[in-house]
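Trainee: sequence and computational prediction follow.
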Amino acid sequence: MSKIDVVLGLQWGDEGKGKVVDVLAPAYKVVARFQGGPNAGHSLVFDDGAFVLHTVPSGIFREGTVNIIGNGVVVDPVILSEEIRAIEQRAGSIGGRLMISRRAHLILPTHRMLDAASEAAKGKSKIGSTLKGIGPAYMDKTGRNGLRFGDLELPDWRSRYEALKEKHIGLLSLYPDFHFDISEYERQWLAAVEELRRFPFIDGETAVNGYLDAGVPVLAEGAQGSLLDIDFGSYPFVTSSNTMASGVCTGLGVAPSRVGRVYGIFKAYCTRVGSGPFPTELFDADGEKLRSVGHEFGATTGRPRRCGWLDMVALKYAVMMSGVTDLILMKSDVLDEFETVKVATAYRKDGAVLEAFPYDGGEAVEPVYREFAGWQCDLSGIRSFEALPQAFKDYVAYIEGETGCPVRMISVGPDRDAVIVR
Ligand code: GDP
Ligand code: IMO
Ligand code: MG
């Protein structure tokens, strides 16, 4: 019997999950996405360019790896089939290597409209959603109205689709200023549904448990980040799924006792796209430098990412909530030129010092910083821990001491091979 290992983001998304899954995938036979949808943008970098995955698990470019889109994922057929076309152009046929859970929900064209209408109506208090229809699709799931991949195998699936669409059109009339026309997208959507039928729709939970029973190692891939979790993130500025380790159990149908290692991915600094509290956000030249050196622009929306220093209060919370067993430190190379590197060790609010992550996600707090000497050298060519500069090793040791968790892998560049494994 083997266990299911997990890769998940410990910050606000975009930690580098795609790269890590691609790097780890050869050690696993199966990679399975457990939540989120096309709001995700997971970048993989090859010798001849980058590739961004939105719905397909990031093991797809490793030959022989089976990739499962789990029941916890919400899928837009248009985006998924475009993605498959692009993957096959690069890597040849993936038929037989991609499977979709029957219990995964579909994002309808009208879900996208509802997302856009709801965000527009929120005005200044908007979430900053990627507008892919994620919130409305999960609302229909929990509201018990959703359309699932398994439904596409029923003779009356089309009338179920029409009924849900009509319901959405009724809801959209609540936004009289919002004008929309789904006809072209709906045409593509219906065509994409037919295209996806060449991939097996499976009972993902039976498949995943069967692999584990047979001793086949499985890697679960998360999307977004811990601080965007619907329950524990900075609500309401969150996504609509459980992004922490608990999401693996519900999003793939595996028992907690079957979870093995939990790889927590984090950057050496922080970024956030969209609205919501971000205690260590920088509005100065350092923030600008993080954005330009780190190429911090959204892989899904192209939006500039907000940048700031590493936040130990938030990181410790995320490690605790997912029972992280191994840390993976990303984008260390982005800090190469900084003379000083800062880390928030606590927050100050109304004269009090907070050491625990607050329920509002750190609204209007002032970070308390600890300063570290920068390493001021190029990390990108280094491939062994011993060869790293002492100042960087001190930074890593501090993180390990605070979180109580070993840093097992250090990423020093976007390429597949730019990693130091300890
Ligand atoms: P994900 O959503 O967690 O998969 O992360 P994204 O792909 O949205 O964002 C991570 C970005 O950082 C991508 O552009 C990666 O190519 C890039 N990247 C990943 N690891 C490193 C690293 O160690 N150093 C640098 N400089 N870039 C990295
Ligand atoms: P990956 O998997 C970073 C953010 C959005 C917005 C909030 C809600 O690439 O790390 P949604 O579209 O879910 O309604 O948006 O969550 N968000 C992400 N931020 N990385 C992501 O995914 C994200 N997916 C959603 O910017 O603030
Ligand atoms: Mg991303």
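Mentor: Happy to help now that I have it. Ligands and ions are numbered 1, 2, ... in the order given.
Trainee: so the residue of the stretch 251-400 of the chain found nearest ligand 3, which of the three states?
Mentor: The nearest approach of the stretch 251-400 of the chain to ligand 3 comes at A299, 4.5 Å away (C-beta to the ion). Every residue, glycine included, has its C-beta placed from N, CA and C. Under DSSP: H, G, I helix; E, B strand; the rest coil, A299 falls in the coil class.
Trainee: next, the contact list for it, please.
Mentor: Each residue near A299 by C-beta atoms under 8 Å, 6 or more residues apart in numbering is listed here: 14, 41-43, 52.
Trainee: spatially nearest residue to it (excluding sequence neighbours)?
Mentor: What sits nearest to A299 in space, not counting adjacent residues and going by C-beta to C-beta, 6 or more residues apart in numbering, is G41, at 2.9 Å.
Trainee: pretty sure the one you found is touching G298, no?
Mentor: Yes: using C-beta atoms under 8 Å, G41 is in contact with G298, at 6.5 Å.
Trainee: list residues touching both of these two?
Mentor: Joint contacts of G41 and G298 (C-beta under 8 Å, 6+ apart) are D14.
Trainee: ramachandran angles for the residue of the chain positioned farthest from its centre?
Mentor: Here the centre of the chain is the reference, and by C-alpha atoms, centre = their mean the most remote residue is G351, at 35.0 Å. Backbone torsions of G351, given as degrees, to the nearest 10, read phi 80, psi -10.
Trainee: per-residue confidence for it?
Mentor: Looking at G351, its pLDDT stands at 92.
Trainee: so how far is ligand 1 from it?
Mentor: Distance, G351 to ligand 1, by C-beta to the nearest ligand atom, to the nearest Å: 37 Å.
Trainee: how far away is that residue from ligand 2?
Mentor: 30 Å.
Trainee: state the distance from that residue to W309.
Mentor: 22 Å (C-beta to C-beta, to the nearest Å).
Trainee: again, but for G401
Mentor: Look at G401 and W309: by C-beta to C-beta, they are 18 Å apart.
Trainee: what does this protein put close to ligand 2?
Mentor: Residues of the chain lying near ligand 2 by C-beta under 6 Å from any ligand atom: 9, 12-14, 36, 39-42, 127-130, 132, 134-135, 223-225, 228, 239, 273-274, 299.
Trainee: now the strands for the stretch 151-300 of the chain?
Mentor: Ranges of strands within the stretch 151-300 of the chain are 201-202, 218-221, 259-267, 270-272, based on DSSP state E, counting those that start in this stretch.
Trainee: what does the stretch 1-150 of the chain give?
Mentor: 4-9, 30-33, 42-46, 49-53, 66-69, 74-75, 98-101, 105-106.
Trainee: between these, which one is nearest to R258?
Mentor: strand 4-9 (5.6 Å; C-beta to C-beta).
Trainee: mind giving me the packing neighbours of that closest one?
Mentor: helix 17-24, strand 218-221, helix 246-252, strand 259-267 (3 or more C-beta pairs under 8 Å, 6 or more residues apart in numbering; DSSP states H and E).
Trainee: nearest to ligand 1, out of these?
Mentor: helix 17-24 (3.3 Å; C-beta to the nearest ligand atom).
Trainee: which elements pack onto that closest one?
Mentor: Looks like helix 17-24 contacts strand 4-9, strand 42-46, strand 218-221, strand 259-267, strand 326-330, strand 407-411 (3+ C-beta pairs under 8 Å, 6+ apart).
Trainee: does any part of the first one sit near ligand 1?
Mentor: Same thing as strand 4-9. Yes: Strand 4-9 lies within reach of ligand 1 by C-beta under 6 Å from any ligand atom, at G9.
Trainee: touching that strand from outside, list them.
Mentor: 15, 17, 20-21, 24, 28, 32, 208, 212, 217-226, 243-245, 247-248, 252, 254, 258-266, 322.
Trainee: mind pulling up the pLDDT for the residue in the stretch 151-300 of the chain positioned nearest to ligand 1?
Mentor: Nearest residue of the stretch 151-300 of the chain to ligand 1 (C-beta to the nearest ligand atom) works out as A299 at 3.9 Å. A299 is assigned a pLDDT of 79 by the prediction.
Trainee: could you do G302 as well?
Mentor: Looking at G302, the pLDDT reads 86.
Trainee: please tell me how far it sits from Y359.
Mentor: Applying C-beta to C-beta to G302 and Y359 gives a distance of 32 Å.
Trainee: re earlier: packed most tightly, which of the helices and strands packed on strand 4-9 would that be?
Mentor: strand 218-221 (a mean of 28; mean count of other C-beta atoms under 10 Å).
Trainee: partner strands of that strand and their direction?
Mentor: strand 4-9 (parallel), strand 30-33 (parallel) (DSSP bridges).
Trainee: among those, which comes closest to D326?
Mentor: Of those, nearest to D326 by C-beta to C-beta is strand 4-9, at 9.1 Å.
Trainee: that closest one: how far from the chain's middle?
Mentor: 11 Å (C-alpha atoms, centre = their mean, to the nearest Å).
Trainee: give me the buried positions along that strand.
Mentor: 4-9 (16 or more other C-beta atoms under 10 Å).
Trainee: would CSV of the strands of the stretch 151-300 of the chain with mean pLDDT and distance to ligand 1 be doable?
Mentor: Listed next are the strands of the stretch 151-300 of the chain as CSV, based on pLDDT from 0 to 100; distance: least, C-beta to the nearest ligand atom, whole Å:
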stretch, mean pLDDT, distance to ligand 1
strand 201-202, 98, 25
strand 218-221, 98, 9
strand 259-267, 98, 7
strand 270-272, 98, 8
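Trainee: dump those strands to a markdown table, plus distance to D76.
Mentor: Converted to a markdown table, the strands of the stretch 151-300 of the chain look like this (distance: least, C-beta to C-beta, whole Å):
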| stretch | distance to D76 |
| --- | --- |
| strand 201-202 | 16 |
| strand 218-221 | 18 |
| strand 259-267 | 25 |
| strand 270-272 | 24 |
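Trainee: can these go into a markdown table with extra columns for distance to ligand 3?
Mentor: Shown next, in a markdown table, are the strands of the stretch 151-300 of the chain (distance: least, C-beta to the ion, whole Å):
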| stretch | distance to ligand 3 |
| --- | --- |
| strand 201-202 | 26 |
| strand 218-221 | 12 |
| strand 259-267 | 11 |
| strand 270-272 | 10 |
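Trainee: list just the one of those that sits closest to S58.
Mentor: It's strand 218-221; of the strands of the stretch 151-300 of the chain, that one is closest to S58 (C-beta to C-beta) at 6.0 Å.
Trainee: show me the contact partners of that closest one.
Mentor: With C-beta under 8 Å, 6+ apart as the criterion, strand 218-221 contacts 2, 4-7, 17, 21, 24-25, 27-34, 42, 57-59, 70, 208, 211-212, 248, 251-252.
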